[in-house]
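K.L.:
My questions concern the predicted model and sequence given below.
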Amino acid sequence: MLRVGVQTKNAIDYTNPLPGFQYLKENGFSCVDFSLNSFLTNKQLYQKELNTFFNQSEEQLFEYFRPMKEAAAKTGIEIFQMHMPYPNYVPMASEELNSYLRDVMSVKSMKLCHYLGCKYIVSHGFKLAYFLGSEEAEWAKTQEFVEFLAPLAKEYGITICIENIYTSIGKHIVEGPCCNAHKAAERIDRINEKYGAEVLGFCFDTGHANLVGIDFERFITTLGQRLKVLHIHDNDGMVDLHQVPFTFTKTRENRPSTDWDGFINGLKKIDYHGVLNFETAPVLESFPAELKEEALRMIGTIGRYFGEKIEGE
Amino acid sequence: MNIVCATGGIVKIEFPNQGLMDIAGSGFEYAMLDMSKYISGATLRQWEKKLDKELIKKDIANLKSGIVVRGVHPRYAMLPFLAGDTKRTDLNGMLTDLCVDCIRETESLGVTRFIAQPLSIGVPMDCEWDINLEYFFQLARALTNAESKILLINHCNNVEGHYIRGLCSDASEAANWVDHLNELAKKQGLGEERFGFCMDIGAYNLCGINMQDVANTLRGRVLAAIVRANDGHQDIAAIPFTCVNENGIATDWMGFIRGMREIEFNGDLIMDMTNTLRSTPSLIRPSVLAMGKTIAEYFRSQIQIEEPLKKYKHIVLFGSGDLGRGFIRSFGEKYRPLFTCDNNSARWGTFIDGIEVKSPECLLDLPEDTGVFICNMYHREIEEQLKNMGVLNVESFDCEFLPAYNQNRVGRQEVN
């Protein structure tokens, strides 16, 4: 049976993680997606601000997350994937900030990933096409970043997962880095061949894909075994809401406007054996506190439904 | 590059004269007959009876008389297709017959470019190529003019009210299909280059597809582009630059222009303003059409942005701000300006990438055959200034969509 996971953000209290892990376990989650990005947020970074979290030594960081590691082990929950803070490059920021993101933040993120026994770390590609004039030039910068981390990834047995993300022109959402499955597949293969290890893989984000009308089934089948991890969440096709699947409809027939059948078919076709991971932290904020546990339980139930459909005949 | 006007929203097929008169009166020489509107997707999906071929013939005859009188050349026909939310899966045979009839009837009017959406409704994913190969070949076999071509087009699928990428939205898939079709057509004696591609900007925009990338992948296969705006959510054809939100435009014109420029596109721009025209009172529709023509000419000038630069032996710029810098970063090597100038005396004597900023007075002492390119958003005001100074060969250069323009806006730093 495919395992089900969820983001730690809003589900786990990092200062006292055991109850949160126990609750996840009781509700059928066997994996988590560690939200390291909560410790240096994109909002801060886009305002060209840094905090001091990653200034801590490796030992201090390990000590900070030791209770989480122990709680996960105690409850039998695997930290299957984690999310590196993003963006990794801020176009309008100083060279100092961008060097920090590469030399300090990303390296320590990799070390934390290894410390937590996590095999997959999701990292966003650089959003630079608008500035540099082409997607190819943009990818060249992302590739430099990936190759900077690749030796460490190989040493630790970690796969860095690039993710399909969006960008915007004004408020109009358009495809961002890694929205072309053919290109992603070719690039992943080329880099992995160069390093002789699976240092690069893919994270398919259903919500981001829905925003730019990606055909889930085609995209997933094109990626095939390069698809390592998932960010499952839903939206209205207009805003990146990170809500519960099956929430949105657009017609009076009230059928879901997100192509969940295509999602299931795609994963079935590639014989996906990873985790059905939900990136739905905002759900736990949108429901009242009294219903938070119920909402989390529903997410777990939807995950098991997907699992049954994907693995069923 | 020809500019073509889609007839949707302006030409009523039963009474075509006024619409054709408006199109001709707005300066359009070419038209795209919108057969998809003639027998709409909504009509097709409810189709139960045999097609009335006589009706098609009658309507085409009607059109023919109007075309002859008004002098609009019907270069394109958009063939009928099923609406994206069609649930019936048994209509592809009927649709193929209808498209073949439309080709036969409209080719007699002088149409040589037939735009056809791939069949996708009721087509299993693993049979897409085989079924469409047969479909496109049936269309190609109906062509009688050696110059006529079938243009494949990207489109969207409708998943319960939400648009997702349909067949040929993926540029590499589209390129493969066009190449294979041409190869097979040649082998079967149907002629050379019988197939090409038409980029539907509106359909790309609905799915936020990177059009610059698409154009580069399709390159020489793109023979036409349907230019229409939408808000990224509704499948409409609005006049460009009118679909906006509080942060700016909602259609990625930058991606479109950059891509077409990079591939040196020299096909046809088809202006589709169907929904704007339908929503405009009849009395002022000619003004909307005229605006559409002006916008099309703007796109053509943007795509062929280097043409004015080629006219002169030397060039000089007016402007040392972001737009002037954008020009120098984008074209400074290929078309090296002698210098740039600026009304701001504080900048005189400074350099941008080795190009000196001088006083506008220096424009009075230029070598022969020098073009003065205004790289400043106050085009008209500066043009007047230069005219009053007696400066010759003044050209306005719109830097809005330059490859390096936005890089300059990023704190004027190189990204490295």
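P.N.:
On my side now, so go ahead.

K.L.:
my guess is A:Ile160 is in a strand, correct?
P.N.:
Yes - A:Ile160 sits within a strand when classified using DSSP: H, G, I helix; E, B strand; the rest coil.

K.L.:
what pairs with it across the strands?
P.N.:
A:Ile121, A:Leu200 (DSSP bridges).

K.L.:
quick one: the strands in the stretch 301-416 of chain B?
P.N.:
In the stretch 301-416 of chain B, the segments counted as strands under DSSP state E, counting those that start in this stretch are B:314-318, B:340-341, B:351-352, B:355-358, B:370-374, B:394-396.

K.L.:
helices and strands around the third one, which ones?
P.N.:
Right, the one you point to is strand B:351-352. Judged by 3 or more C-beta pairs under 8 Å, 6 or more residues apart in numbering or on different chains; DSSP states H and E, the packing partners of strand B:351-352 are helix B:322-331. Heads up, the C-betas are built off the backbone N, CA and C, glycines and all.

K.L.:
And the helix it packs on, what does it pack against?
P.N.:
Using 3+ C-beta pairs under 8 Å, 6+ apart: helix B:322-331 touches strand B:314-318, strand B:351-352, helix B:405-409.

K.L.:
Helices along the stretch 251-400 of chain B, start to end?
P.N.:
B:253-262, B:274-278, B:285-303, B:307-310, B:322-331, B:379-389 (DSSP state H, counting those that start in this stretch).

K.L.:
The stretch 201-313 of chain A too?
P.N.:
Under DSSP H, counting those that start in this stretch, the stretch 201-313 of chain A gives helices at A:206-211, A:216-223, A:260-269, A:283-286, A:292-311.

K.L.:
Can you tell me the SS state at the residue nearest to A:Gly176 when sequence neighbours are not counted?
P.N.:
Excluding the flanking residues, the one nearest A:Gly176 by C-beta to C-beta, 6 or more residues apart in numbering or on different chains is A:Thr167, at 3.8 Å. At A:Thr167 the chain is in strand, as set by three-state DSSP.

K.L.:
hang on, the earlier thing: mean pLDDT lowest where, among the helices and strands packed on helix B:322-331?
P.N.:
Among the helices and strands packed on helix B:322-331, helix B:405-409 has the lowest mean pLDDT, at a mean of 52.

K.L.:
I'd like to know which elements the longest helix along chain A is packed against.
P.N.:
Of all segments of type helix in chain A, defined using DSSP state H, the longest is helix A:135-156. Contacts defined by 3+ C-beta pairs under 8 Å, 6+ apart place helix A:135-156 against helix A:107-115, strand A:120-123, helix A:129-132, strand A:159-163, helix A:181-195, strand A:200-205.

K.L.:
which residues touch that helix?
P.N.:
Helix A:135-156 is contacted from outside by A:88-89, A:102, A:106-107, A:110-111, A:113-114, A:123, A:125-129, A:132, A:158-160, A:162, A:177, A:180, A:183, A:187, A:191, A:195-197, A:199-200, B:210, B:212-213, B:415, using C-beta atoms under 8 Å, 6 or more residues apart in numbering or on different chains.

K.L.:
buried residues in it?
P.N.:
If you call a residue buried by 16 or more other C-beta atoms under 10 Å in any protein chain shown, then helix A:135-156 has these buried ones: A:135, A:137-139, A:141-143, A:145-146, A:149-150, A:152-154, A:156.

K.L.:
Relative to chain B, which of the residues you listed is nearest.
P.N.:
A:Glu135 (5.1 Å; C-beta to the nearest C-beta).

K.L.:
excluding its backbone neighbours, what's nearest B:Ile3?
P.N.:
What sits nearest to B:Ile3 in space, not counting adjacent residues and going by C-beta to C-beta, 6+ apart, is B:Ala296, at 4.3 Å.

K.L.:
Would you confirm that that neighbour contacts B:Met273?
P.N.:
No - contact criterion C-beta atoms under 8 Å: B:Ala296 and B:Met273 do not qualify, at 10.1 Å.

K.L.:
which one of these two has more residues nearby?
P.N.:
B:Met273 (27 against 22; other C-beta atoms under 10 Å in any protein chain shown).

K.L.:
what sits against the more buried one?
P.N.:
Contact partners of B:Met273, counting by C-beta under 8 Å, 6+ apart, are B:6, B:8-10, B:228, B:237-239, B:288-289, B:292.

K.L.:
do A:Leu200 as well
P.N.:
By C-beta under 8 Å, 6+ apart, the neighbours of A:Leu200 are A:146, A:150, A:153, A:159-162, A:187-188, A:191-192.

K.L.:
so how far is B:Gln138 from A:Glu163?
P.N.:
From A:Glu163 over to B:Gln138 the distance is 42 Å, taken as C-beta to C-beta, to the nearest Å.

K.L.:
typo on my end, it should be B:Asp170
P.N.:
Separation of B:Asp170 from B:Gln138 (C-beta to C-beta): 24 Å.

K.L.:
Out of those two, name the residue with the larger neighbour count.
P.N.:
Neighbours were counted for B:Asp170 and for B:Gln138 using other C-beta under 10 Å; B:Asp170 has more, 22 against 14.

K.L.:
who's in contact with that one?
P.N.:
Counting by C-beta under 8 Å, 6+ apart, B:Asp170 touches A:180, A:182, A:218.

K.L.:
Please pick the buried ones from those residues.
P.N.:
In these, burial by neighbour count holds for A:180, A:218, counting by 16+ other C-beta under 10 Å.

K.L.:
Export the contacts of B:Asp170 as a markdown table, with columns for pLDDT and distance to chain B.
P.N.:
Output for the contacts of B:Asp170, formatted as a markdown table (pLDDT from 0 to 100; distance: C-beta to the nearest C-beta, whole Å):
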| residue | pLDDT | distance to chain B |
| --- | --- | --- |
| A:Asn180 | 96 | 7 |
| A:His182 | 96 | 6 |
| A:Arg218 | 97 | 8 |
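
K.L.:
Out of the contacts of B:Asp170, which is nearest to A:Gly76?
P.N.:
Of all the contacts of B:Asp170, A:Gly76 sits closest to A:Arg218, with 36.3 Å by C-beta to C-beta.

K.L.:
how close does that closest one get to A:His182?
P.N.:
Counting by C-beta to C-beta - A:Arg218 and A:His182 are separated by 10 Å.

K.L.:
A:Trp260 now?
P.N.:
Distance of A:Trp260 to A:His182, given as C-beta to C-beta: 24 Å.

K.L.:
okay, the residue of chain A positioned farthest from its centre: pLDDT?
P.N.:
Here chain A reaches farthest from its C-alpha mean at A:Arg252, the gap being 32.8 Å by C-alpha atoms, centre = their mean. A:Arg252 is assigned a predicted lDDT (pLDDT) of 88.

K.L.:
ok, now the one 4 residues further on?
P.N.:
According to the per-residue confidence, A:Pro256 scores 94 in pLDDT.

K.L.:
Residues of the stretch 101-250 of chain A that sit close to chain B?
P.N.:
Contact residues, the stretch 101-250 of chain A versus chain B (C-beta under 8 Å from any C-beta of the partner chain): A:128-135, A:141, A:166, A:169-175, A:179-180, A:182, A:210-215, A:217-218, A:237-238, A:249-250.

K.L.:
what residue ranges in chain B score low on pLDDT?
P.N.:
Along chain B, segments meeting pLDDT under 70 span B:37-53, B:404-416.

K.L.:
Would you mind giving the domain segments of it?
P.N.:
What automatic domain parsing lists as the domains of chain B is B:3-303, B:309-409.

K.L.:
Now the closest residue to chain B within the stretch 1-150 of chain A. Nearest residue, chain neighbours left out?
P.N.:
Per C-beta to the nearest C-beta, the residue of the stretch 1-150 of chain A with the smallest distance to chain B is A:Gly133, at 3.6 Å. In space, and not counting its chain neighbours, A:Gly133 is closest to B:Pro403: 3.6 Å by C-beta to C-beta, 6+ apart.

K.L.:
that older thread, by mean pLDDT, show me the worst of the helices and strands packed on helix A:135-156.
P.N.:
Lowest mean pLDDT within those: helix A:129-132, a mean of 84.

K.L.:
No further queries at this time; thank you.
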